[in-house]
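*Asks:* Generate coordinates for the sequence data below:
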Amino acid sequence: MKFDRILLPLDFSEYSEKSLEYALSLAETYGAKLTLLHAIVLHYEDVEEEAHLKQLEELIKLQEKNSYERLKLQNQKAGRRGVSVTTKVIRGVSAADAILEFIDDHPHDLVILGTHGRTGVERWLYGSVAEKVVRYSPIPVLTIHKSWDKPFMIQKVLAPVDFSEYSKKATEAALSLGRKFNARVTFLHVVEQTVHPAYYAATIDSLFIIDPHLLERSIRNLKEFTGGEAAGAEYVIKEGRAFKEIADFAEEQACDLILMSTRGLTGLEHLLIGSTTERVVRSATCPVLTVGREK
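*Replies:* All right, here's what the predicted structure looks like:
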């Protein structure tokens, strides 16, 4: 896994400031070129008269000018770090759609996004730019939670595995990052099957108690799936809800990065099933790197 061209969308919030610092450090490490991008969201729906359209266009041009000025300040910061930077201001009906269209038209190897960590009703009303980009991006996406305040380092990488074809690429990427940063890689599989209520009376609440060999088999399968026992890698099996176990384990072990695959679920399938990856992006406090399946 190599990053030569990194894209960093900025909304000029405090959260995007954190992602800028991370992006600069990553660009320094890889000798990558960095593109700073700002998307202006358009609102033409209620504008019909030509005069009003002209006023709106003038306002947008003023926004573009101000945005370039703000990006220029970020560019100067990058210049002091020796990172080659390009700035771009774009328009779109939504920030996520504008970013995705830009990715399609301008090849990059990685996009970095700060997340606001919205939950509940607020998230339902406003959605999440990061989650939509994670779901549809053709390139890896690295999300940085608003609460993350540690300096850049990659010493502990967590790679959840569900034994699907989608997670195969993520295991390879995790091993690649482990070699690049000399980091410890932990492969984690979460058993999500639930115990039948009939066992509750006997105070049996774990599948590992019902099947004493389940843990051993799962570890063996995990090693085989990830290409055999890798030097310095760890293999862990947990039981519970996948996204929660992943986020909790990452926090308990002070992981620097979670690396996961994304399935790109859409429509009704996404509404009904959701995405473990997106839930981890929302709840994990450490950066999350998501990779899609090879086309």
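*Asks:* contacts and neighbour counts: CA atoms only from here.
*Replies:* Will do.
*Asks:* could you pull out the strands for the stretch 51-200 of the chain?
*Replies:* For the stretch 51-200 of the chain, the strands defined by DSSP state E, counting those that start in this stretch occupy 85-92, 110-115, 141-145, 156-160, 184-191.
*Asks:* okay, and for this protein, where does confidence drop off?
*Replies:* Counting by pLDDT under 70, the chain has low-confidence residues at 43-53, 55-56, 116-127, 193-212, 231, 263-274, 293-295.
*Asks:* what's the domain layout of it?
*Replies:* Structurally, the chain divides into domains by automatic domain parsing as follows: 1-147, 153-295.
*Asks:* Switch the ones you listed over to a markdown table; also include mean neighbour count.
*Replies:* As requested, the domains of the chain are exported to a markdown table (neighbours: other CA atoms under 10 Å):
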| stretch | mean neighbour count |
| --- | --- |
| domain 1-147 | 17 |
| domain 153-295 | 17 |
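*Asks:* Next, find the distance separating residue 61 from residue 13.
*Replies:* 21 Å (CA to CA, to the nearest Å).
*Asks:* Kindly report the same for residue 245.
*Replies:* Residue 245 is 30 Å from residue 13, by CA to CA.
*Asks:* can you tell me which residues contact residue 70?
*Replies:* If a contact means CA atoms under 8 Å, 6 or more residues apart in numbering, then residue 70 has no contacts.
*Asks:* now residue 289, what's its secondary structure?
*Replies:* Secondary structure assignment for residue 289 (DSSP: H, G, I helix; E, B strand; the rest coil): strand.
*Asks:* what's near enough to touch the closest residue to it other than its chain neighbours?
*Replies:* What sits nearest to residue 289 in space, not counting adjacent residues and going by CA to CA, 6 or more residues apart in numbering, is residue 142, at 4.2 Å. Residue 142 makes contacts with 110-113, 287-290, as judged by CA under 8 Å, 6+ apart.
*Asks:* Identify each of the helices in the stretch 51-200 of the chain and give its residue range.
*Replies:* Secondary structure of the stretch 51-200 of the chain (DSSP state H, counting those that start in this stretch): helices at 95-105, 120-126, 129-136, 166-181.
*Asks:* Can you name every helix or strand that the last one contacts?
*Replies:* It stands for helix 166-181. Under the contact criterion of 3 or more CA pairs under 8 Å, 6 or more residues apart in numbering; DSSP states H and E, helix 166-181 touches strand 156-160, strand 184-191, strand 257-262, strand 288-292.
*Asks:* can you state the direction angle for that helix and strand 156-160?
*Replies:* Angle, helix 166-181 to strand 156-160, by axes from the mean of the first three to the mean of the last three CA atoms, to 10 degrees: 170 degrees.
*Asks:* Great, nothing more from me.
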